[in-house]
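[1] one predicted model, sequence on top.
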Amino acid sequence: SPITRFKNGYCAGSRCSTRPRRAGKSFTSLVICSASDVKTTITSTAPTNITANNWPNIIDGRDIVGGGTEVLRASPAHDVRVATYHNATEAEVDAAVTAAHKAFSSGDWPRTSGAERAALLRRVAARIEAERDELALIETLESGKPISQAKDEVASAAGIWYYAASLAQHAYGDAHNHLGPNYLAVTVKEPVGVVGVITPWNFPLLIVSQKLPFALAVGCTAVIKPSDLTPGTTTRLVQILHDEWVPNGVVNLVQGGGDVGGWLSSHPGTHMTTFTGSTGVGRLVAQAAAKDLKKVSLELGGKNPQVIFPDADLDAALEKVVFGAYFNQGECCNAGSRLLVHADIADEFTERVVERAQDVSVGDPLDQATKVGALISEKHLGVVSGYVDLGRQEGASVALGGDRLSSDRGRYYSPTVLAGVPKAARVAREEI
């Protein structure tokens with residue numbers, strides 16, 4: 001949570017809060033970084049009725065164990081095993097792409113009517129709604145996000161599938177009949193082909209639902225690689241698709257980490273890659289796409305500003321700023337990670353942000369009252385902690401927090417405010 005003095009801005013980052021001194025300009029900067037309550041101890045009760053899910057790879061309609069390394073996923077909040085799966089091998093990634101290519105080039109799906117595709121998407125949406133509680137529990141146990149938030153995200157995902165279903169019957173091109181005598185130009189939209197879908201760990205079901213149903217609506221086929229930290233809800237989604245009679249090969253799923261994502265994004269049998277994740281990996285995906293001139297869609301990291309002027313409703317702004325910074329533990333590419341506040345209200349507003357952040361309910365994500373849960377992994381907690389240390393090295397002072405919260409299980413980080421952060425500091429410019 002660094003606070004920096006920008007030449008023209010006051011910035012709040014996605015996981016820490018900072019109190020800046022005025023820079024002598026119109027705006028001052030504040031950055032809010034890691035999210036947690038000021039409580040010194042967090043109690044996470046280990047679930048006693050949870051059976052770890054064994055997630056398969058799904059290729060051409062069949063469950064495949066996977067020939068790669070076995071992965072045991074523990075809940076980041078409870079330190080109990082909640083999932084097991086085997087990574088796909090390069091040969092299995094190739095088999096998944098081959099199945100998707102066959103389903104596209106010679107299968108029925110691209111030639112199915114829009115009404116039929118829409119009907120399947122609506123059935124899937126209804127199943128997501130019916131399994132909301134089960135899907136939310138999987139998401140919470142694998143990611144550490146609050147169960148109340150996870151339920152809302154599942155409901156939103158179902159809504160996206162319903163919306164995509166409506167578009168399946170409205171995919172049309174253009175006709176141009178004013179080009180001169182005897183000329184008629186027609187543009188016809190066709191499915192692009194096999195789409196590689198690579199999704200992150202922070203919003204697993206929601207983000208795959210922002211990609212997959214639209215590809216299916218227009219007749220594409222797909223190979224999906226979910227995050228190796230949160231594969232559960234995406235795997236269950238693909239199982240639901242097959243329960244609802246999506247043709248074999250139309251939707252395939254491979255488990256694994258960066259190597260599996262690399263094999264998928266560079267495979268010559270895919271026609272498009274859609275990726276959400278870090279900027280560094282996004283560059284690699286773009287490079288792989290350039291080699292074959294395939295289409296690519298990238299949603300990458302961010303350091304997003306919120307701008308507060310003196311005539312704003314500061315009470316309303318305060319709630320939006322704190323929510324924007326701490327939502328999903330701050331593990332969000334569109335978190336309001338930079339707060340630009342006019343110098344006339346900078347001191348007052350910074351004090352209020354710091355005070356309000358201390359009231360955020362942090363704790364066991366299975367508790368319905370929790371608003372901020374556990375960080376996704378020990379590695380990520382180290383990243384957050386490392387940025388706080390870096391802020392100190394860059395000249396900032398720790399005004400609040402700066403330490404891991406004590407907890408009997410899981411990984412939680414204290415709300416942290418770094419004051420006096422130089423405008424060129426990495427903590428003020430980089431996603432945390």
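    Nice, thanks for sending it over.

[2] just the CA trace of the strand or helix carrying residue 316, in PDB.
    With elements taken from DSSP states H and E, the one containing residue 316 is helix 314-326. Only the C-alpha atoms of helix 314-326 are listed here, as PDB (Å, rounded to 0.1, in the frame of the first residue of the first chain):
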ATOM      1  CA  LEU A 314     -16.500  12.200  -0.600                       C
ATOM      2  CA  ASP A 315     -18.600   9.800   1.300                       C
ATOM      3  CA  ALA A 316     -19.700   8.000  -1.900                       C
ATOM      4  CA  ALA A 317     -16.200   8.200  -3.300                       C
ATOM      5  CA  LEU A 318     -14.700   6.700  -0.200                       C
ATOM      6  CA  GLU A 319     -16.800   3.600  -0.500                       C
ATOM      7  CA  LYS A 320     -16.000   3.200  -4.200                       C
ATOM      8  CA  VAL A 321     -12.300   3.700  -3.500                       C
ATOM      9  CA  VAL A 322     -12.100   1.100  -0.700                       C
ATOM     10  CA  PHE A 323     -14.300  -1.400  -2.600                       C
ATOM     11  CA  GLY A 324     -12.300  -0.900  -5.700                       C
ATOM     12  CA  ALA A 325      -9.000  -1.500  -3.900                       C
ATOM     13  CA  TYR A 326      -9.900  -4.400  -1.700                       C
END
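
[3] after that helix, which helix or strand is next?
    Helix 314-326 is succeeded, C-terminally, by strand 338-342 (DSSP H and E).

[4] elements contacting that next one?
    Packing partners of strand 338-342 (3 or more CB pairs under 8 Å, 6 or more residues apart in numbering; DSSP states H and E): strand 9-10, strand 27-30, strand 305-308, helix 343-357. Where C-beta positions appear, they are placed from N, C-alpha and C, glycine not excepted.

[5] please repeat the previous calculation with a cut-off of 10 Å.
    Other elements packing on strand 338-342 under the criterion 3 or more CB pairs under 10 Å, 6 or more residues apart in numbering; DSSP states H and E are strand 2-6, strand 9-10, strand 27-30, strand 305-308, helix 314-326, helix 343-357.

[6] avg pLDDT for that strand?
    Within the predicted structure, the mean pLDDT of strand 338-342 is 81.

[7] before we move on, what about stretch 309-316?
    Across stretch 309-316, pLDDT averages out at 95.

[8] what's the end-to-end length of that stretch?
    Start to finish, the residues bounding stretch 309-316 are 12 Å apart (CA to CA, to the nearest Å).

[9] what angle sits between the helix holding residue 316 and strand 338-342?
    Between the direction of helix 314-326 and that of strand 338-342, the angle (axes from the mean of the first three to the mean of the last three CA atoms, to 10 degrees) works out to 160 degrees.

[10] same question for helix 314-326: list its buried residues.
    Neighbour counts using 16 or more other CB atoms under 10 Å place 314, 317, 318, 321, 322, 324, 325, 326 of helix 314-326 among the buried residues.
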